[in-house]
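Colleague: this is a predicted model, with the sequence first.
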Amino acid sequence: MEPAAGTPLDLAASAEHAGAEGTDDAALARFIMDLRSRGLTDPALMTAFERLPRGEFIPGFAPSQLYSTMALPLPCGEEATDPFSLARYLMLLDIRPGLRVLEIGTGSGFLSAILARLGAGVTSYERYRTLLRRAERAFRSMGITTVVPLLGDGLTRLDRADSFDRIIVNGAVETMPQHLMDRLNANGIALAHRRRGLETQLVVWKKDLTGFPVAQECGPSRMGLMRAGIPSCL
C-alpha cells in the first residue's frame, strides 16, 4: 500500500527538494530524516511530531532552532529539552494509546502535547504559574483536551490519588521520589535523570508484576537539578 500524502515518509522525502532552508516544512523534514537515521523510526511517533508545530509552544525561534539539538530558553530561567532527546525518552517509555502518564515539569507543554497526540492521558505538574499558563494557552490553541495541567510541586507531593502507567521527570533528581514510584503501576515505566556527585545519568525504572522496580542507566545527561517548591511571583 502506498503511504498517504502528508505521512512522515513523504515529509522526509521532500527535504531533498526543500529550497527554503528556514521554512517550517524544511526544518521539520530534516528533523524527521535525522530521527530515522538515529533509529527512531516508529511511525506514530514521527506522525505526532509532524502534526504538532513546536513553534506553537516555544514562540520566537527560527524553525532551524526549534528542530535542532539545542535546548531553548523558557521564561522563569527554565529550558525546553531538544526534540531529539524527547523522541528518545518517548521510545524508552514505550508510549501507547490508552496509557495514563504523569509528567513532572510541564515546561513549554510540548512533550505533554506529543504524549496526548500518541493517545495517552496526561497529568502534568508545573511549579511556575507563568509556564503553566503559557502551556494551557498552547493546549487550547491546538485543541488538546487530554492533558490535565496542574500547578504544583510534583517532586514532594501529588494532589491527586491517581496511579499511572508511565512517569517522566523532566529534570535531574538525586533520588527518585518514593511517592512517585508508589504511584507507578505494575509493569509501568518511569524515566528521570539521576544526579550522583558530578555525574548525571538518564535512568529508566521498570516495575515487574510484583511491583518491584528495576533501574537501568541509559547514558549521560546534561539535565540540571530540579528545584522544589512553588515560587510566589513567577
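Modeller: Looks like it arrived, so ask away.
Colleague: so what's residue 86 closest to, chain neighbours aside?
Modeller: Of all residues not flanking residue 86 in the chain, residue 111 sits nearest, at 5.5 Å (Cβ to Cβ, 6 or more residues apart in numbering). C-betas here are computed from N, CA, C, even on glycine.
Colleague: number of nearby residues for the one you found?
Modeller: 26 (other Cβ atoms under 10 Å).
Colleague: residues in contact with residue 195?
Modeller: Counting by Cβ atoms under 8 Å, 6 or more residues apart in numbering, residue 195 touches 172, 173, 174, 225.
Colleague: 10 Å - rerun?
Modeller: Residues in contact with residue 195 (Cβ atoms under 10 Å, 6 or more residues apart in numbering) are 171, 172, 173, 174, 175, 201, 221, 223, 224, 225, 226.
Colleague: and the helix or strand where it lies, which strands flank it?
Modeller: Assigned by DSSP states H and E, residue 195 belongs to strand 184-196. Here strand 184-196 is paired, per DSSP bridges, with strand 164-173 (parallel), strand 199-207 (antiparallel).
Colleague: how about those strands in JSON lines, adding mean pLDDT, mean neighbour count and distance to residue 93?
Modeller: Formatted as JSON lines, the strands paired with strand 184-196 follow (pLDDT from 0 to 100; neighbours: other Cβ atoms under 10 Å; distance: least, Cβ to Cβ, whole Å):
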{"stretch": "strand 164-173", "mean pLDDT": "97", "mean neighbour count": "23", "distance to residue 93": "5"}
{"stretch": "strand 199-207", "mean pLDDT": "96", "mean neighbour count": "18", "distance to residue 93": "8"}
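Colleague: export those strands as JSON lines, with columns for distance to residue 62.
Modeller: Output for those, formatted as JSON lines (distance: least, Cβ to Cβ, whole Å):
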{"stretch": "strand 164-173", "distance to residue 62": "24"}
{"stretch": "strand 199-207", "distance to residue 62": "28"}
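Colleague: so for residue 88, which of those strands sits nearest?
Modeller: Among those, strand 199-207 comes nearest to residue 88, with 8.4 Å by Cβ to Cβ.
Colleague: following the closest one, which helix or strand shows up next?
Modeller: From strand 199-207, the next helix or strand downstream (DSSP H and E) is strand 213-220.
Colleague: report the angle between that following strand and strand 199-207.
Modeller: On the basis of axes from the mean of the first three to the mean of the last three Cα atoms, to 10 degrees, strand 213-220 is oriented at 150 degrees to strand 199-207.
Colleague: what's next to strand 213-220, contact-wise?
Modeller: With Cβ under 10 Å, 6+ apart, strand 213-220 has contacts from 88-89, 92, 176, 181, 184, 188-194, 199-208.
Colleague: repeat that for 7 Å
Modeller: 92, 181, 199, 200, 201, 202, 203, 204, 205, 206, 207 (Cβ atoms under 7 Å, 6 or more residues apart in numbering).
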